[in-house]
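Visitor: sequence first, predicted model second:
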Amino acid sequence: MDFPQALRERRLRRRLSQLELAERAGTTQRHVSFLENGRSEPGRAMVVRLAESLDLQLRERNRLLLAAGYAPAYPRTSLDDPPLAPVRAALTHILTGHLPYPAIVVDRYGDLVAANDAFALLADGAAPELLGPGANVYRLALHPAGLAPRIVNLAEWSRHILDGIHAEILRNPDDRLADLHTELGQYVPDEPPGPDHLGFAVPLRLRSANGELRLITTITTFATAVDVTVAELKLEAFLPADQPTAALLRRSAPR
């Protein structure tokens, strides 16, 4: 994809006019128009400003730079590399500190990067092939051999997951995410969510050997990351939605 097409597609995807983008990037609508029809070639600094103004992920910012003929600005480092040791230490500290409640770290595709010991309570009974290094937590949650048989509000929870993936695809199209969304859609119950379904605020109700867990979640990201790998990590922390769940998690915590 050439730069004019890449810029226009990303602007339209975010439903911005040329004037709105120009105001954000500190330039003129005329200049944005010239960039999108190929009459002007952007400097590297302008591409970076446009990418920031479009609130693109670091991966997408690199692609926009490449489309304009410039080298990527943001590295993509393996999480195992020594420079990211402070990141690994921070994640371990947060995961451990969240006990006795479950917490996990996933990448942009939902592949499991790390988890604390309490997560085993959620994954109890899932098929071995859905667990282990690189397991996909979205597939684990919705697959019939995963958590799905134990999720009381499966219709609402599955829609919650699918809607989140769909929103990400709309903002940052990705073939792998699209394939995952299609696969997961096959596992969703053919029934509408209940009348109290809010979409953005769906608790997880999960059966366990010791009783039903009612959980809410929070998502944490590295807001100031300048590395693609780090920027795409998400730490999802599960919190008890009521006192019985909190007590159950405390009793079930590994000692």
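Guide: Good, I have the coordinates.

Visitor: host element of A237?
Guide: strand 234-240 (DSSP states H and E).

Visitor: mind giving me the packing neighbours of that strand?
Guide: Judged by 3 or more Cβ pairs under 8 Å, 6 or more residues apart in numbering; DSSP states H and E, strand 234-240 is in contact with helix 85-97, strand 103-106, strand 211-220. Just so you know, the C-beta spots here come from the backbone N, C-alpha and C atoms, and that holds for glycine as well.

Visitor: what about the helices in the chain?
Guide: For the chain, applying DSSP state H gives helices covering 3-13, 18-25, 29-36, 44-53, 58-67, 85-97, 119-123, 137-142, 154-171, 175-185, 228-231, 243-252.

Visitor: next, format those as a markdown table and append mean pLDDT.
Guide: Putting the helices of the chain into a markdown table (pLDDT from 0 to 100) gives the following:
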| stretch | mean pLDDT |
| --- | --- |
| helix 3-13 | 95 |
| helix 18-25 | 96 |
| helix 29-36 | 96 |
| helix 44-53 | 96 |
| helix 58-67 | 95 |
| helix 85-97 | 95 |
| helix 119-123 | 92 |
| helix 137-142 | 96 |
| helix 154-171 | 91 |
| helix 175-185 | 95 |
| helix 228-231 | 94 |
| helix 243-252 | 93 |
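
Visitor: re the thing from before, of all the helices and strands packed on strand 234-240, which one is nearest L233?
Guide: Among the helices and strands packed on strand 234-240, strand 103-106 comes nearest to L233, with 5.9 Å by Cβ to Cβ.

Visitor: who are the packing partners of the closest one?
Guide: Against strand 103-106 (3+ Cβ pairs under 8 Å, 6+ apart) you get helix 85-97, strand 112-115, strand 234-240.

Visitor: what is the mean pLDDT for the second one?
Guide: Per-residue pLDDT values over strand 112-115 give a mean of 94.

Visitor: again, but for the last one
Guide: Averaging pLDDT along strand 234-240 gives 95.

Visitor: re the thing from before, dump the helices and strands packed on strand 103-106 to TSV, plus distance to V47 and mean neighbour count.
Guide: Output for these, formatted as TSV (distance: least, Cβ to Cβ, whole Å; neighbours: other Cβ atoms under 10 Å):
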stretch	distance to V47	mean neighbour count
helix 85-97	27	14
strand 112-115	30	18
strand 234-240	27	19
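
Visitor: nearest to A241, of the helices and strands packed on strand 234-240?
Guide: Closest to A241 of those, according to Cβ to Cβ: strand 211-220, at 4.1 Å.

Visitor: what comes up buried for that closest one?
Guide: L213, R214, L215, T217 (16 or more other Cβ atoms under 10 Å).

Visitor: returning to what we had before: of all the helices of the chain, which one comes closest to P203?
Guide: Nearest to P203, of all the helices of the chain, is helix 154-171, at 8.4 Å by Cβ to Cβ.

Visitor: and the angle from the closest one to helix 175-185?
Guide: 160 degrees (axes from the mean of the first three to the mean of the last three Cα atoms, to 10 degrees).

Visitor: show me what helix 154-171 packs onto, helices and strands only.
Guide: Using 3+ Cβ pairs under 8 Å, 6+ apart: helix 154-171 touches helix 137-142, helix 175-185.

Visitor: ok, now with 10 Å
Guide: Under the contact criterion of 3 or more Cβ pairs under 10 Å, 6 or more residues apart in numbering; DSSP states H and E, helix 154-171 touches helix 3-13, helix 137-142, helix 175-185, strand 204-208.

Visitor: fine by me, thanks again.
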